[in-house]
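Participant: Take this sequence and fold it.
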Amino acid sequence: EERFVESGGGLVQAGGSLRLSCAASGFTFDDYAIGWFRQAPGLQREKISCVSSSDGSTYYADSVKGRFTISEDNAKNTVYLQMNSLKPEDTAVYYCAAAVSCWSGFDYWGQGTQVTVSS
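Facilitator: Numbering: from 1, shown residues only. Next up is the predicted model:
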């Protein structure tokens with residue numbers, strides 16, 4: 001069964017850092033783009049970052065640009081999201097998913113990991 005498992009969330013003070021992990025099981029993501037998404041209560045799910053395994057190109061939403069960094073470790077079949085300078089508005093459940101490209105529909109959603117940033 002193809003799926004992702006996210007981890008690394010938690011409670012952190014504003015200005016702090018967290019590193020999220022997205023581990024793929026049941027498939028290798030060499031041919032996929034891996035995206036990070038988040039959803040805060042009452043808001044729509046937002047794509048915040050994506051990395052294309054084919055060429056290493058990356059995407060960041062304006063809301064996280066300059067603070068978050070996406071990276072991948074193909075040997076571990078894992079994608080990371082380093083989150084620095086966290087703000088209370090970053091509080092959300094964070095998910096990862098795979099797609100043919102960063103601009104196509106995503107699949108293989110994980111269960112999400114909660115990130116809470118206190119002010």
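Participant: tell me the contacts of the residue positioned nearest the centre of the chain?
Facilitator: Nearest to the mean C-alpha position of the chain, by C-alpha atoms, centre = their mean, lies Trp36 at 2.7 Å. The contact partners of Trp36, by C-beta atoms under 8 Å, 6 or more residues apart in numbering, come to 20, 22, 47-50, 70, 79, 81, 94-96. C-beta: built from backbone N, CA, C; applies to glycine.
Participant: Please produce CSV containing these, extended by neighbour count and distance to Asp62.
Facilitator: Below are the contacts of Trp36 laid out as CSV (neighbours: other C-beta atoms under 10 Å; distance: C-beta to C-beta, whole Å):
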residue, neighbour count, distance to Asp62
Leu20, 23, 19
Cys22, 27, 22
Lys47, 18, 12
Ile48, 24, 10
Ser49, 23, 11
Cys50, 24, 14
Ile70, 22, 15
Val79, 29, 21
Leu81, 26, 16
Tyr94, 23, 17
Tyr95, 23, 19
Cys96, 30, 20
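Participant: Contacts made by the one helix or strand Ser49 maps to with the rest, please.
Facilitator: Under the criterion of DSSP states H and E, Ser49 resides in strand 46-52. For strand 46-52, the surrounding residues in contact (C-beta under 8 Å, 6+ apart) are 33-39, 57-61, 63-64, 68, 70-72, 79, 81, 92, 101-102.
Participant: roughly how far out does the following helix or strand past it sit from the chain middle?
Facilitator: For strand 46-52, the following helix or strand on the C-terminal side (DSSP H and E) is strand 58-60. How far strand 58-60 lies from its chain's middle: 11 Å, per C-alpha atoms, centre = their mean, to the nearest Å.
Participant: which other helices and strands contact strand 58-60?
Facilitator: Packing partners of strand 58-60 (3 or more C-beta pairs under 8 Å, 6 or more residues apart in numbering; DSSP states H and E): strand 46-52, strand 68-73.
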